[in-house]
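Student: give me a 3D structure for the following:
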Amino acid sequence: MATSAPKASPARRLRTLIAAPGILVLPGVFDGFSTRLVRKLGYAAAFITGSGVSESRLGQPDVGLMGLDENVAAARAMAACSDLLLLADGDTGYGNALNAYHTVRAFERAGVAGLMLEDQVWPKRCGHMKGKEVISAEEMVQKIRAAASARVDPDFVIKSRTDVLATHGVAEAIRRLNLYAEAGADLLFADAAMSADDIGTIAKNVSKPLSVNMGFGIRQRSTTPLLSAKQLQDLGVAVVIYPRMLTACALMGMKRGLELLRQSLDSGKVVDRPDALVSFEELHDIMGMEEIESLEQRFLTSAQLATKYGQGRQAAIMPDVDETAASKQMV
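Tutor: Numbers count the residues shown, from 1 in each chain. This next block holds a predicted model:
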């Protein structure tokens with residue numbers, strides 16, 4: 001009997017998406033809610049936003065206060081709750097080339113498909129903040145060489161980011177990205193591009209696929225103009241990430257919820273706004289409660305089910321899904 005070919009690793013599948021003709025759109029995820037929701041809505045891959053993890057997990061801005069262990073723990077939890085292909089944010093690698101080597105090992109063990117490393121001085125800061133400093137190109141080349149060498153799965157994606165646009169300009173950004181590509185980077189990123197022309201110039205002059213970020217909701221502070229995915233693809237961009245979109249949306253939703261609660265407290269009346277929040281049922285659907293109930297049905301005894309759900313009753317579950325058919329619906 002013929003056996004099916006083994007499934008490609010997450011890293012190999014991410015590489016395939018990066019190399020595809022169309023631009024790869026990566027929403028920024030930062031916790032279990034966002035990871036589950038992005039997968040539920042049909043995306044195959046996402047970018048773990050380091051700023052979002054720092055802000056949501058620590059309640060601290062993205063200025064290098066989050067350490068390796070906290071970052072890896074967040075990535076591990078997100079990788080465990082979904083089959084979303086995740087590209088993580090490893091900041092500067094938390095030190096020199098040796099640290100970068102062990103940072104790659106830690107994130108690969110956590111279950112992500114790739115990792116971004118940047119050439120800022122540690123402690124780093126968000127790419128759209130003032131006061132950035134960069135290390136020498138030579139030092140970053142060695143960090144990328146170490147990172148590429150650290151991979152257990154040779155397909156594990158190394159994304160190199162340079163922040164020299166703000167300090168040294170477009171020509172230096174291109175020079176550095178090509179050096180990083182030669183050292184083993186698979187995906188390149190020059191943060192905080194000033195114009196569409198700059199993005200197009202960089203895309204045309206680098207030797208590996210280019211990634212850019214779009215900062216919806218931070219136009220007042222962002223230096224990169226907002227462009228559609230189609231416009232970016234036409235400029236030669238392979239990957240676009242939206243690191244702050246979901247964190248900003250989540251905060252706005254919570255803010256509006258607290259405003260509704262304040263209205264209720266001030267008026268002494270119940271303010272019922274079903275349009276302002278997801279239902280209990282939808283929340284459970286996003287979180288995968290159906291799978292939990294299916295497992296209960298398969299493995300709990302009849303007595304345990306009767307205790308939980310009443311004599312003669314079963315857990316309210318959907319019929320078992322044909323895993324082969326379901327897998328064909330998404331990458």
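Student: just the helices in the stretch 1-150 of the chain please.
Tutor: Taking DSSP state H, counting those that start in this stretch to define them, one finds helices in the stretch 1-150 of the chain at 10-19, 32-40, 50-53, 68-80, 97-110, 137-150.
Student: check contacts around the nearest residue to Leu26 once chain neighbours are set aside.
Tutor: With sequence-adjacent residues excluded and distances taken as C-beta to C-beta, 6 or more residues apart in numbering, Leu26 is closest to Phe47, at 4.1 Å. For the C-beta atoms, the positions are set from N, CA and C on the backbone; glycine is no exception. Listed by C-beta atoms under 8 Å, 6 or more residues apart in numbering, the contact partners of Phe47 are 26-29, 86-87, 89, 116, 241-243.
Student: what about the strands in the stretch 151-300 of the chain?
Tutor: 157-162, 187-190, 210-213, 239-242 (DSSP state E, counting those that start in this stretch).
Student: tell me which of those sits nearest to Ser56.
Tutor: Nearest of the strands of the stretch 151-300 of the chain to Ser56, taken as C-beta to C-beta: strand 239-242 at 15.8 Å.
Student: CA atoms of the closest one as PDB?
Tutor: Extracted in PDB, the C-alpha atoms of strand 239-242 (Å, rounded to 0.1, in the frame of the first residue of the first chain):
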ATOM      1  CA  VAL A 239       6.100  40.200   1.800                       C
ATOM      2  CA  VAL A 240       4.100  42.800   3.600                       C
ATOM      3  CA  ILE A 241       3.600  42.700   7.400                       C
ATOM      4  CA  TYR A 242       1.000  44.700   9.400                       C
END
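Student: among the contacts of Phe47, which are in strands?
Tutor: Of these, the ones assigned to strands by DSSP state E are 26-29, 86-87, 89, 116, 241-242.
Student: now, which of those sits nearest Gly184?
Tutor: Nearest to Gly184 among these, with distances taken as C-beta to C-beta, is Met116, at 13.7 Å.
Student: the closest one bridge partners, please.
Tutor: In this entry, Met116 is beta-bridged to Asp89, Lys159, by DSSP bridges.
Student: dump the residue contacts of it.
Tutor: Met116 neighbours (C-beta under 8 Å, 6+ apart): 47, 87-90, 159-161, 189.
Student: distance of it from Ala45?
Tutor: Met116 is 13 Å from Ala45, where distance means C-beta to C-beta, to the nearest Å.
Student: do I have it right that Leu235 meets Ile199?
Tutor: Yes - if you go by C-beta atoms under 8 Å, Leu235 and Ile199 touch, sitting 5.2 Å apart.
Student: ok so, going back, pick the one among the ones in strands among the contacts of Phe47 closest to Lys130.
Tutor: So of the ones in strands among the contacts of Phe47, ranked by how close each gets to Lys130 (C-beta to C-beta), first place is Asp89, at 20.1 Å.
Student: quick check: that closest one touching Ile48?
Tutor: Yes - counting by C-beta under 8 Å, Ile48 is a contact partner of Asp89 at 5.7 Å.
Student: quick one: low-confidence residue ranges for the chain.
Tutor: Across the chain, the ranges flagged by pLDDT under 70 are 1-5, 127-129, 131, 217-223, 312-331.
Student: in space, not sequence, find me the middle residue of it.
Tutor: Phe47 (1.9 Å; C-alpha atoms, centre = their mean).
Student: what's opposite that residue in the beta bridge?
Tutor: Gly28, Leu87.
Student: picking up where we left off before, looking at the helices of the stretch 1-150 of the chain, which is buried most?
Tutor: helix 50-53 (a mean of 24; mean count of other C-beta atoms under 10 Å).
Student: which helices and strands does that one pack with?
Tutor: helix 68-80, helix 245-267 (3 or more C-beta pairs under 8 Å, 6 or more residues apart in numbering; DSSP states H and E).
Student: distance between the shortest one and the chain's centre?
Tutor: Relative to the mean C-alpha coordinate of its chain, helix 68-80 is positioned 11 Å out (C-alpha atoms, centre = their mean, to the nearest Å).
Student: drop anything exposed from the contacts of Phe47.
Tutor: The neighbour-count criterion (16 or more other C-beta atoms under 10 Å) marks 26-29, 86-87, 89, 116, 241-243 among the contacts of Phe47 as buried.
Student: can I get the residues you listed in TSV including distance to Lys143?
Tutor: As requested, the buried ones among the contacts of Phe47 are exported to TSV (distance: C-beta to C-beta, whole Å):
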residue	distance to Lys143
Leu26	23
Pro27	27
Gly28	24
Val29	25
Leu86	21
Leu87	18
Asp89	15
Met116	12
Ile241	21
Tyr242	26
Pro243	22
